[in-house]
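Peer 1: Quick check, what structure comes out for this input:
(one chain, ligands or ions: 1)
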Amino acid sequence: MKILGILASHQEHGLNAKMLAEVLDNVDPSVETETIYLENYEITPHKYHEKNAVLDELSQKLMDSDVWVFAAPTYFRELSGVLKNFFDCMRPKFVYFKENGDTIPGQFKNKHYLSISSCYVSTLENFLTGVTDESFKTIDRVMSAAGVIKVGEIVLPNTFGMKEIPNNKKELCHKYAKKISVKKRKDDSTVKRYIQLFFMIAIMALITMGIQIPLQGWIENNFWLNYVSFTVIFFVLLACILHFVTFVKHRRR
Ligand SMILES: Cc1cc2nc3c(=O)[nH]c(=O)nc-3n(C[C@H](O)[C@H](O)[C@H](O)COP(=O)(O)O)c2cc1C
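Peer 2: Numbers count the residues shown, from 1 in each chain. Presented below is the predicted three-dimensional model:
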């Protein structure tokens, strides 16, 4: 089992480097790790028919590892240019093209990744305005095209004047270090998602039926009134939960 850290910051020893080291230094002792600093490579696009030794070398490193950890700061509310350039140049290796121009995941399908990003703005501002959102979304978009599975993400806001990583973020790095130390199956979240869905529906149905009890005088065993009131209450609860899960819980802080 091998984990590859990919540092894509202007600073080789900055906060992203520290976060990455905090993860890699805390993986299980049996796990091999390697860190590459993208600024050390002259990454240029693949020209037709020409060999590109740098891309081949990087591609081999990706192939030899089971989990990739990307550490890239947020620059101008976007992913750092060096990581974006790496993704752009690696496209022919990340995806295969079908005859109609559509792409399908390439040779790295079913590997796993963890993303790390940081920004100057405060935790509250990042929570409210999503300064780091585009950085994570770009990584997710590229990895999804390549069929690489997400393990999680770590965000470090408030980096202005910061010299050391706060303890709560160090703990988060250690938690992910343990998580990525275990060899993963293709996508082991599927069963978990179905179980979550089952319990979500079971609890919502219970609440809906509980809300219907005081309405019994109005419903009076009428099948259609029962059905319509159940559907409306269930829909409102579902909308609230979905709003919470997609907009509130997933805000980065
Ligand atoms: C070119 C550049 C653009 C940046 N743009 C933003 C930004 O839009 N919002 C923000 O909060 N921080 C911004 N920052 C701050 C970086 O995100 C911050 O310096 C980063 O956390 C430092 O990571 P490092 O120590 O690994 O280099 C920018 C920094 C640079 C160098």
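Peer 1: Now for Lys169, how many residues are close by?
Peer 2: Using other C-beta atoms under 10 Å, Lys169 has 21 neighbouring residues. Where you see a C-beta, it was placed from the backbone N, CA and C, and this is true even at glycine.
Peer 1: repeat for Ala21
Peer 2: 18.
Peer 1: Against the ligand, how distant is it?
Peer 2: Counting by C-beta to the nearest ligand atom, to the nearest Å, the separation of Ala21 from the ligand is 11 Å.
Peer 1: Could you name the helices and strands sitting against whatever helix or strand that residue lives in?
Peer 2: Assigned by DSSP states H and E, Ala21 falls within helix 15-24. If you count contacts as 3 or more C-beta pairs under 8 Å, 6 or more residues apart in numbering; DSSP states H and E, helix 15-24 packs onto strand 2-7, strand 32-37, strand 67-71, strand 112-118, strand 149-156, helix 167-181.
Peer 1: Would you format those as a markdown table with mean pLDDT and distance to Glu220 included?
Peer 2: Compiled in a markdown table, the helices and strands packed on helix 15-24 are given as follows (pLDDT from 0 to 100; distance: least, C-beta to C-beta, whole Å):
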| stretch | mean pLDDT | distance to Glu220 |
| --- | --- | --- |
| strand 2-7 | 98 | 63 |
| strand 32-37 | 98 | 67 |
| strand 67-71 | 98 | 59 |
| strand 112-118 | 98 | 55 |
| strand 149-156 | 96 | 50 |
| helix 167-181 | 98 | 53 |
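Peer 1: out of these, nearest to the ligand?
Peer 2: For the helices and strands packed on helix 15-24, the distance to the ligand is smallest for strand 112-118, at 3.4 Å, taking C-beta to the nearest ligand atom.
Peer 1: Pull the residues that contact the helix or strand that the closest one is followed by.
Peer 2: Sequence-wise, the next helix or strand downstream of strand 112-118 (DSSP H and E) is helix 123-129. For helix 123-129, the surrounding residues in contact (C-beta atoms under 8 Å, 6 or more residues apart in numbering) are Cys119, Val121, Val131, Thr132, Val155, Pro157, Asn158, Arg251, Arg252, Arg253.
Peer 1: The first one against Glu134, yeah?
Peer 2: Yep, that's Cys119 we're talking about. No. Contact between Cys119 and Glu134 fails when scored by C-beta atoms under 8 Å: they sit 10.7 Å apart.
Peer 1: Which other helices and strands does the helix or strand bottoming out on mean pLDDT in the chain contact?
Peer 2: Ranking every helix and strand in the chain by mean pLDDT, DSSP states H and E puts helix 216-219 at the bottom, with a mean of 88. With contacts taken as 3+ C-beta pairs under 8 Å, 6+ apart, helix 216-219 sits against helix 223-243.
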